[in-house]
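after the sequence you'll find the predicted model.
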Amino acid sequence: MMGRAGRPGFDTDGIAVIMTDNASKKKYQSLSNGMEIVESQLLEKMVETLNTEVSQKVVKNVSQAITWMKSTFFFVRVRKNPHFYGMQGKSEQEMNQYLKDRCMRTLHELRDSSIISFLGDGYGVAPNPASHIMSRHLVPFDVMRRFIELKHDAGPKEILLVLSECEGLHR
């Protein structure tokens, strides 16, 4: 998880330690020597990652969400390899609009699931208790949403059914 090694606003740099078996050692040595390019996987976990930033109060409003996204490895890689991210031929303005749209869509998903709240001005965001639970315990978004949708008077059968269907909890 090298992408989380340094946090904007908290750390100026980060250290990544790679532990592996002997069979995989050469692969990771080549990665660390710059022989193989690593691309960002942020978009696959955008909801969980942005939720953590809101939960930790790194992101308190829409503008900070966009600024945060521009500080990520994802943003660096989009600039260096726009083709990989489907952004080839896009202008700076189009890329910025994409980032804004992606942040807003993600924040709305979190809000619509009662994980975060938009403040009265519609611009600020605040974590709800579910945000902290999701972040602290690394609960995937879809799993958290299932828990939130459970009826307050759900019995053991309903709870067990939801637990058995939660992909992120089978490990």
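Looks like it arrived, so ask away.

lowest average confidence, helix or strand, in the chain?
Ranked by mean pLDDT, DSSP states H and E, the weakest helix or strand in the chain is helix 25-32, scoring a mean of 79.

other SSEs contacting the longest helix anywhere in the chain?
Scanning the chain for the longest helix, with DSSP state H as the assignment, gives helix 92-112. Helices and strands touching helix 92-112, as assessed by 3 or more Cβ pairs under 8 Å, 6 or more residues apart in numbering; DSSP states H and E, comprise helix 46-55, helix 62-70, strand 116-118. C-beta coordinates here come from the backbone N, C-alpha and C atoms, glycine included.

so which residue is dead centre in the protein?
Thr49 (2.0 Å; Cα atoms, centre = their mean).

so who does it touch?
Leu42 (Cβ atoms under 8 Å, 6 or more residues apart in numbering).

contacting residues around stretch 153-170?
Taking Cβ under 8 Å, 6+ apart as the rule, stretch 153-170 contacts 139-140, 142-143, 146-147, 150-151.

give me the buried subset of these.
In the contacts of stretch 153-170, burial by neighbour count holds for 139-140, 143, 146-147, counting by 16 or more other Cβ atoms under 10 Å.
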